[in-house]
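Engineer: Prediction below, plus the sequence it came from.
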Amino acid sequence: MSVDLSLSVVVLAAGQGTRMKSTLPKVLHCIAGRPLVEHVITDAQELGARDIHIVFGHGGEQVQQALSAYDLNWVEQTEQLGTGHAVEQALPAIPDDHLVLLLYGDVPLITVQTLQRLIAATEGNALALLTAKLVDPTGYGRIVRDAAGKVQCIVEQKDASTEQLSIDEINTGMLAVKADRLKKWIAALDNNNAQGEFYLTDIVGFAVADGVVINTANPDEICEIEGVNNKRQLAELERAYQLRQARQLMEAGLTLRDPARFDLRGELIIGRDVEIDINVLIEGRVELADGVQVGPNVILKNVSIGAGTQIHANSLLEESITGTQCDIGPYARLRPQTNLANKVKVGNFVEIKKSNIADGSKINHLSYVGDTTMGNDVNVGAGTITCNYDGVNKYQTIIGDNVFIGSDTQLVAPVIIADGTTIGAGSTITKDTPADALTLSRAEQVSVKSWKRPKKIKEE
């Protein structure tokens, strides 16, 4: 079922969030690396909203700056006089023939599927409410129905009778209705209640009086309607969101060793037979091709990993690309603009930055490679570094095919290591090397027979 109306979404984001105990506006605290309110905005975009209106108050400049990439209509609520008053601030910018969908900037886990059902419930020009049944409804407004099951009103917790407090169906605050009707009802609100506020929920009574049908829709999960008021709730919704993503990925074929210890803060694209161990953090856009295995405590940021590659424990890869059947880590770091070809080995405590490493090359341990182009089948010994920075400028190191670099070697850029070069251990290479030759630089070894090792003098 669909509703053929232009959609205007109103997002209430003016709360101060004092219980967060933070200088950051509440709606800018993050779930999965994105501000709470941004989750709501992207849902509105996916619904095809014509306009998105953000009602802001506390920390408005910070909120506007954080969301500057979005096309939004900003509406300031200078006084906190209740939800009805907050919605009223946005109404002048909404055409009468639009359908208004009301959302909340601190309720980030609502899904597009649930909102589509809510919108569909306005069929026939009805008022649609999103409701849910809770084991413990304390703190929520109750949905009061008549004997026939029709919604009669919403009663807030502080205004409810003992009988009404026993009702387990609650109001989530999210609703959808035609703009012309909403404007009429908002104009009729008063603040004659325990809070002295203009309750948006009072429009339900007006709708009943006007003979308007009131339909309800329900979320698939209770976490969809839960808001964030403190850091504990923020952490709980983070876990709920991550578990939701983990389930979706496992249904798509991903093997997760423990879904409770997995964090996705972006987009993960997987091939077949991909395995991810515990405590893996994924940020940005990450692609894992067929057969990729990711060990524990790995961080992946905006990377594309080729088929059959293994990433061992405690490695960090960012803004990098690998070919097929690479072997990375443990404790390896690939920094931005690193490109590994096929069957490349990057071992423990190796750092690579802004470099291209060709097929079959090995950098097994304790090395730094930066601003380098490395050929095929190169073997880099332990403790090798490319000295690419003179304090002002960066320089390139070019390493040909079939090069063997001995341990504890420094390659001082700019320098070219020709095909087939062998570099003796402990060398400092400052000049280009000839092909297929041994190149080394070492001081003469000297032994001083009469030398005595210093001894500590005992204090009396």
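Structural biologist: Yep, that arrived.

Engineer: The stretch 51-200 of the chain: strands as residue ranges?
Structural biologist: For the stretch 51-200 of the chain, the strands defined by DSSP state E, counting those that start in this stretch occupy 51-56, 73-76, 99-104, 127-133, 142-145, 151-155, 169-178.

Engineer: Mean pLDDT added to those strands, as CSV?
Structural biologist: Formatted as CSV, those follow (pLDDT from 0 to 100):
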stretch, mean pLDDT
strand 51-56, 96
strand 73-76, 95
strand 99-104, 98
strand 127-133, 97
strand 142-145, 96
strand 151-155, 93
strand 169-178, 97
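
Engineer: between these, which one is nearest to Glu318?
Structural biologist: Closest of the strands of the stretch 51-200 of the chain to Glu318 is strand 51-56, at 32.0 Å (criterion: CB to CB). Placement of C-beta: from N, CA and C, glycine included.

Engineer: Let's see that closest one as CSV, backbone CA atoms only.
Structural biologist: What follows is strand 51-56 as a C-alpha-only set of coordinates in CSV (Å, rounded to 0.1, in the frame of the first residue of the first chain):
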residue,chain,number,x,y,z
ASP,A,51,11.7,18.5,2.3
ILE,A,52,13.5,17.7,5.6
HIS,A,53,13.0,20.3,8.4
ILE,A,54,15.3,20.2,11.5
VAL,A,55,13.9,21.9,14.6
PHE,A,56,17.0,22.9,16.5
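
Engineer: start the count at 45, not 1, going forward
Structural biologist: In the new count, where the first residue is 45, that last one comes out as strand 95-100.

Engineer: Compute the distance between the nearest residue to Ser485 once chain neighbours are set aside and Val456, please.
Structural biologist: Nearest in space to Ser485, with sequence neighbours left out and distances taken as CB to CB, 6 or more residues apart in numbering, is Ser471 at 4.6 Å. Counting by CB to CB, to the nearest Å, the gap from Ser471 to Val456 is 10 Å.

Engineer: host element of the residue nearest the centre of the chain?
Structural biologist: Taking CA atoms, centre = their mean as the criterion, Arg309 is the residue nearest the geometric centre of the chain, at 2.5 Å. Counting by DSSP states H and E, the element that carries Arg309 is strand 306-314.

Engineer: cool, and Ala479?
Structural biologist: Per DSSP H and E, there is no helix or strand for Ala479.

Engineer: what sits against it?
Structural biologist: 444, 462-465 (CB atoms under 8 Å, 6 or more residues apart in numbering).

Engineer: how does the protein divide into domains?
Structural biologist: Segmentation of the chain into domains, based on automatic domain parsing, reads 51-269, 275-483.

Engineer: elements contacting the longest helix along the chain?
Structural biologist: For the chain, the helix reaching the highest residue count under DSSP state H is reported as helix 275-295. Judged by 3 or more CB pairs under 8 Å, 6 or more residues apart in numbering; DSSP states H and E, helix 275-295 is in contact with strand 74-75, strand 299-300, strand 306-314.

Engineer: again, only this time at 10 Å
Structural biologist: Applying 3 or more CB pairs under 10 Å, 6 or more residues apart in numbering; DSSP states H and E, one finds that helix 275-295 makes contact with strand 74-75, helix 80-90, strand 299-300, strand 306-314.

Engineer: Could you report the neighbour count for the residue nearest to Ser485?
Structural biologist: 20 (other CB atoms under 10 Å).

Engineer: For Trp495, the count of nearby residues, please.
Structural biologist: Trp495: 6 neighbours (other CB under 10 Å).

Engineer: hang on, it is in a strand, isn't it?
Structural biologist: No - according to DSSP: H, G, I helix; E, B strand; the rest coil, Trp495 belongs to no strand; its state is coil.

Engineer: those helices in the stretch 295-444 of the chain, which residues are they?
Structural biologist: Read by DSSP state H, counting those that start in this stretch, the stretch 295-444 of the chain holds no helices at all.

Engineer: what sits against the closest residue to the residue nearest to the centre of the chain other than its chain neighbours?
Structural biologist: Computed as CB to CB, 6+ apart, the closest residue to Arg309 that is not its neighbour in sequence is Gly77, at 3.3 Å. Neighbouring residues of Gly77 by CB atoms under 10 Å, 6 or more residues apart in numbering: 282, 307-310, 325-328.

Engineer: How many residues are close by Ser112?
Structural biologist: Around Ser112 there are 8 residues (other CB under 10 Å).

Engineer: Which pLDDT value does the model give it?
Structural biologist: Note for Ser112: predicted pLDDT of 95.

Engineer: Across the sheet, point out what pairs with the residue nearest to Leu72 when sequence neighbours are not counted.
Structural biologist: In space, and not counting its chain neighbours, Leu72 is closest to Pro79: 4.7 Å by CB to CB, 6+ apart. Beta bridges link Pro79 to Cys74, judged by DSSP bridges.

Engineer: how near is Pro79 to Leu173?
Structural biologist: In terms of CB to CB, Pro79 sits 27 Å off from Leu173.

Engineer: that older thread, what's the most buried one of the helices and strands packed on helix 275-295?
Structural biologist: Ranked by mean neighbour count, these are led by helix 80-90 with a mean of 21 (mean count of other CB atoms under 10 Å).

Engineer: Between helix 275-295 and that helix, find me the angle.
Structural biologist: 40 degrees (axes from the mean of the first three to the mean of the last three CA atoms, to 10 degrees).

Engineer: one step back: and the contacts of Ala479 as TSV, adding secondary structure?
Structural biologist: Shown next, in TSV, are the contacts of Ala479 (three-state DSSP):
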residue	secondary structure
Gly444	coil
Ala462	coil
Asp463	coil
Gly464	coil
Thr465	coil
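
Engineer: May I see those residues arranged in JSON lines, with pLDDT as well?
Structural biologist: Shown next, in JSON lines, are the contacts of Ala479 (pLDDT from 0 to 100):
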{"residue": "Gly444", "pLDDT": "98"}
{"residue": "Ala462", "pLDDT": "98"}
{"residue": "Asp463", "pLDDT": "98"}
{"residue": "Gly464", "pLDDT": "98"}
{"residue": "Thr465", "pLDDT": "98"}
